[in-house]
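Q: dropping the sequence and predicted coords here.
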Amino acid sequence: GENVEQHPSTLSVQEGDSAVIKCTYSDSASNYFPWYKQELGKRPQLIIDIRSNVGEKKDQRIAVTLNKTAKHFSLHITETQPEDSAVYFCAASRNTGFQKLVFGTGTRLLVSP
Amino acid sequence: EAQVTQNPRYLITVTGKKLTVTCSQNMNHEYMSWYRQDPGLGLRQIYYSMNVEVTDKGDVPEGYKVSRKEKRNFPLILESPSPNQTSLYFCASSSFDRNTEAFFGQGTRLTVV
């Protein structure tokens, strides 16, 4: 089955810096890669996703890149702000008609003012 | 408002005392799933359901049961809870449209003593 590895497990940056979180996956048939943000004590919420027919997707300060050959994808956050502090999870899924998401182990991002 | 509702939010119980965590969604989603979240392990799938009366094991199903008698409800049952089931549990639902957002409930923090 699918296995998703996520690095780093913790990431500390200064406000205004960029942050990058990387994930690798094992199943070459996976073709949907969402990223979820979980604030302290809250539920995970989707922030951006990418499908395998796209190499990069951007939404304001966040972007995701996908390299299908290398089987890795990354989340990029620019101009970080304290409210970006949270745990971020990557996930991967096959296009099987339903969504069996396999999650990474999470990255705790701390943005210091 | 589209939402996934779990109850209870917090539960402390004793070893061996059967319990049920309820999950309900109002989005007419076909697919529902239960995850447990543990530090350093991310979100691991317990069980999932593709539709009414259709359920299947996820990655960590031991010690859990589920049922899907109605489309909107997907309760998680622990017949004989043990301390290693102390965890944060999330229910999620999504549409059968390919690769769409998974909506999470607010979480249930379970402690088994």
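A: Okay, I see it. Being a predicted model, the structure only gives us computed values, none of them experimental. Numbers count the residues shown, from 1 in each chain, chains lettered A, B, ... in the order given.
Q: residue numbers of chain A in contact with chain B?
A: Counting by C-beta under 8 Å from any C-beta of the partner chain, chain A comes close to chain B at A:1, A:6, A:9, A:31-32, A:34, A:42-46, A:49, A:51, A:89, A:93, A:95, A:97-106. C-beta: built from backbone N, CA, C; applies to glycine.
Q: 10 Å - rerun?
A: Residues of chain A lying close to chain B by C-beta under 10 Å from any C-beta of the partner chain are A:1-2, A:4, A:6, A:9, A:31-34, A:36, A:38, A:41-46, A:49, A:51-52, A:87, A:89-91, A:93-107.
Q: just the ones of those residues in strands?
A: A:4, A:6, A:31-34, A:36, A:38, A:45-46, A:49, A:51, A:87, A:89-91, A:93-94, A:102-103, A:107 (DSSP state E).
Q: buried subset of those, written for PyMOL?
A: Buried residues among these (16 or more other C-beta atoms under 10 Å in any protein chain shown), as a PyMOL selection:
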select buried, chain A and resi 4+6+31+32+33+34+36+38+49+87+89+90+91+93+94+102+103+107
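Q: residues touching residue 68, list them.
A: Picking chain A for this. Under the criterion of C-beta atoms under 10 Å, 6 or more residues apart in numbering or on different chains, the contact partners of A:Lys68 comprise A:Tyr25, A:Ser28, A:Ser30, A:Asn31, A:Phe33, A:Ser52, A:Asn53, A:Gly55.
Q: I was thinking of chain B, sorry if that wasn't clear
A: Per C-beta under 10 Å, 6+ apart, neighbours of B:Arg68: B:Met32, B:Tyr47, B:Tyr48, B:Ser49, B:Met50, B:Asn51, B:Val52, B:Glu53, B:Val54, B:Thr55, B:Phe74, B:Pro75.
Q: by neighbours, which of those wins?
A: Sorting these by how many neighbours each has (other C-beta atoms under 10 Å in any protein chain shown) puts B:Phe74 first, at 30 neighbours.
Q: okay, now the unreliable bits of the chain?
A: Unless you meant another one, I'm taking chain A. Under the criterion pLDDT under 70, the flagged ranges of chain A are A:95-99.
Q: wait, chain B was what I had in mind.
A: For chain B, the stretches with pLDDT under 70 are B:98-99.
Q: my read: B:Asp56 touches B:Tyr31, true?
A: No. Contact criterion C-beta atoms under 10 Å: B:Asp56 and B:Tyr31 do not qualify, at 11.1 Å.
Q: need the overlap of contacts for those two.
A: By C-beta under 10 Å, 6+ apart, the residues touching both B:Asp56 and B:Tyr31 are A:Lys100, B:Tyr48, B:Ser49, B:Met50.
Q: and the gap between the third one and chain A?
A: Here B:Ser49 is placed at a distance of 10 Å from chain A (C-beta to the nearest C-beta, to the nearest Å).
Q: so where does the most centrally placed residue in chain B fall, helix or strand?
A: Residue closest to the average C-alpha location in chain B (C-alpha atoms, centre = their mean): B:Trp34, at 3.0 Å. Taking DSSP states H and E as the definition, B:Trp34 sits inside strand B:31-38.
Q: before we move on, what about B:Thr100?
A: Counting by DSSP H and E, B:Thr100 is part of no helix or strand.
Q: with adjacent residues omitted, what lies nearest to it?
A: B:Ser94 (5.6 Å; C-beta to C-beta, 6 or more residues apart in numbering or on different chains).
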